[in-house]
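Novice: Structure for this input, please:
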Amino acid sequence: MFDGYPVLPLCFTVCSSVIFVWCGDRVIDAYSGQNYEHRRAWVEERLLYLSSVFAIDICAYAVMSNHVHLVLHVAVDKALGWSDKQVLSLWHTLYKGTLLTQNFMRDDVLSKGELITLHETIAEYRKRLHDISWLMRNLNEHIARQANKEDNCTGRFWEGRFKSQALLDESAVLACMAYVDLNPIRAKIADKPETSHHTSIQQRIQGIQQQKEQPFYLFPFVGNPRQDMPKGIAFSLKDYCELVGTTGRIIREEKAGHIDDSQSPILKRLGLSDEQWLTLASAFEKHFCYAAGAEKMMNNFKVHTHHQRIRGMGKARTLLGGV
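Specialist: Take a look at the predicted model:
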């Protein structure tokens, strides 16, 4: 999926924490004891809206009681293909921009000096529109303002800056997506993926059950590789949902489970055993720090980012393979 190093990989997993605790089936503020379950819907709604503005696709997400977990695909080529007016139109849905950008969108006549400044501004906005930091910044600020307005107060809402990992190959991407989608099952607040509220897997399964097209706000599954391949996740959506469902049942029952690779086209294609897959889907975040992928990809990433050592090299070899 990420051939041609030294180009950086374009899929990332992101985690950001809020100051909530889980109590039964409710989200409770750690200090006031008030129920804030509805704020999970705020986060989900804003996140999906931002995916329509930024050149960043959402592969998987789970809005939990005390953190948000995302798998994102950065579509740099999409942002580079936007016209100047498209860039400004998108940016102005989130921010005011500058007087020059507003004048340009009104087709006002600008001087040569103003045009130079304008083009520099557009270049900066274009870069921000495929920057995960800017997406998370807008998400965090928007939710913090909503929460503070509801509480009639000011102050800190998020515990700190988000953490991110680069996903270097398709095995890492699929395993991390399953890890994110199974968050509620591991936390014992849902029995199966279709009852896991505020998750991408619930949205995808509902689409299948209702015989609708895939949710437009999620990066689509586009089937197995072929000529004239559309952009998306190169696996079958049905196969993925079935694999996540089977994995979730094994995790929920807390028993030694088995997934026959002959019954799972995804595992067969990735060359992963059921033991490797279950370890990844249960504790992906525990085993990797800056990046995740097969050993060769991890070594390439280490060279490209000038790290002397990368945590997770041993797990990359045993869980994701050496090639």
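Novice: how much space between the spatially closest residue to T305 that is not a sequence neighbour and A316?
Specialist: Sequence neighbours aside, Y290 is the residue nearest to T305 in space, at 7.5 Å (criterion: C-beta to C-beta, 6 or more residues apart in numbering). For every residue, glycine as well, the C-beta is placed using N, CA and C. Using C-beta to C-beta, to the nearest Å, one gets 12 Å for the distance from Y290 to A316.
Novice: ok, now K231?
Specialist: With distances taken as C-beta to C-beta, K231 is found 27 Å from A316.
Novice: Those two - which one has more neighbours?
Specialist: A316 (28 against 13; other C-beta atoms under 10 Å).
Novice: Secondary structure of the more buried one: a helix, I assume?
Specialist: Yes - per DSSP: H, G, I helix; E, B strand; the rest coil, A316 lies within a helix segment.
Novice: wait, what's in contact with it?
Specialist: Residues in contact with A316 (C-beta atoms under 8 Å, 6 or more residues apart in numbering) are 288, 292-295, 297-298.
Novice: And the next helix or strand past the strand or helix carrying I122?
Specialist: Assigned by DSSP states H and E, I122 belongs to helix 112-128. Downstream of helix 112-128, the next assigned helix or strand under DSSP H and E is helix 132-151.
Novice: To what extent is the residue nearest to T305 buried, counted in neighbours?
Specialist: Y290 has 16 neighbouring residues, counting by other C-beta under 10 Å.
Novice: Any chance of the backbone angles for it?
Specialist: Main-chain torsions, Y290, degrees, to the nearest 10: phi -80, psi -30.
Novice: Could you check how far it is from T13?
Specialist: Distance, Y290 to T13, by C-beta to C-beta: 11 Å.
Novice: Any chance you could list residues touching both of these two?
Specialist: Common neighbours of Y290 and T13 are listed as Q165 (criterion: C-beta under 8 Å, 6+ apart).
Novice: Can you report how many residues lie near S83?
Specialist: By the criterion of other C-beta under 10 Å, S83 has 9 neighbours.
Novice: Read off the pLDDT value for it.
Specialist: With respect to pLDDT, S83 has a value of 98.
Novice: Please, where are all the strands along the stretch 51-200 of the chain?
Specialist: For the stretch 51-200 of the chain, strands defined by DSSP state E, counting those that start in this stretch occupy the ranges 56-63, 67-74, 163-167.
Novice: wait, I250 sits on T279?
Specialist: No - the criterion here is C-beta atoms under 8 Å, and I250 misses it with T279 at 11.6 Å.
Novice: picking up where we left off before, quick check: buried residues in the helix holding I122?
Specialist: Burial within helix 112-128, assessed by neighbour count using 16 or more other C-beta atoms under 10 Å, is assigned to 118, 121-122, 125-126, 128.
Novice: what is the mean pLDDT for it?
Specialist: On average, the pLDDT along helix 112-128 is 98.
Novice: now that helix, how far from the centre of its chain.
Specialist: A distance of 29 Å separates the centroid of the chain from that of helix 112-128, by C-alpha atoms, centre = their mean, to the nearest Å.
Novice: and the angle for that helix with helix 132-151?
Specialist: If you take axes from the mean of the first three to the mean of the last three C-alpha atoms, to 10 degrees, helix 112-128 sits at 80 degrees to helix 132-151.
Novice: what's helix 112-128 packed up against?
Specialist: Here helix 112-128 touches helix 76-80, helix 84-92, helix 99-105, going by 3 or more C-beta pairs under 8 Å, 6 or more residues apart in numbering; DSSP states H and E.
Novice: One more pass at 10 Å, please.
Specialist: Packing partners of helix 112-128 (3 or more C-beta pairs under 10 Å, 6 or more residues apart in numbering; DSSP states H and E): helix 76-80, helix 84-92, helix 99-105, helix 132-151.
Novice: And the third one, what does it pack against?
Specialist: If contacts are counted by 3+ C-beta pairs under 10 Å, 6+ apart, helix 99-105 sits against helix 84-92, helix 112-128.
Novice: Can you say which of those helices is nearest to P265?
Specialist: With C-beta to C-beta as the measure, helix 84-92 is the member of the helices and strands packed on helix 99-105 nearest P265 (37.5 Å).
Novice: Report the buried residues of that closest one.
Specialist: Buried residues in helix 84-92 (16+ other C-beta under 10 Å): 84, 87-88, 90-91.
Novice: List of residues touching that helix?
Specialist: 52-55, 79, 82-83, 97-98, 100-102, 104-105, 107, 118-119, 121-129 (C-beta atoms under 10 Å, 6 or more residues apart in numbering).
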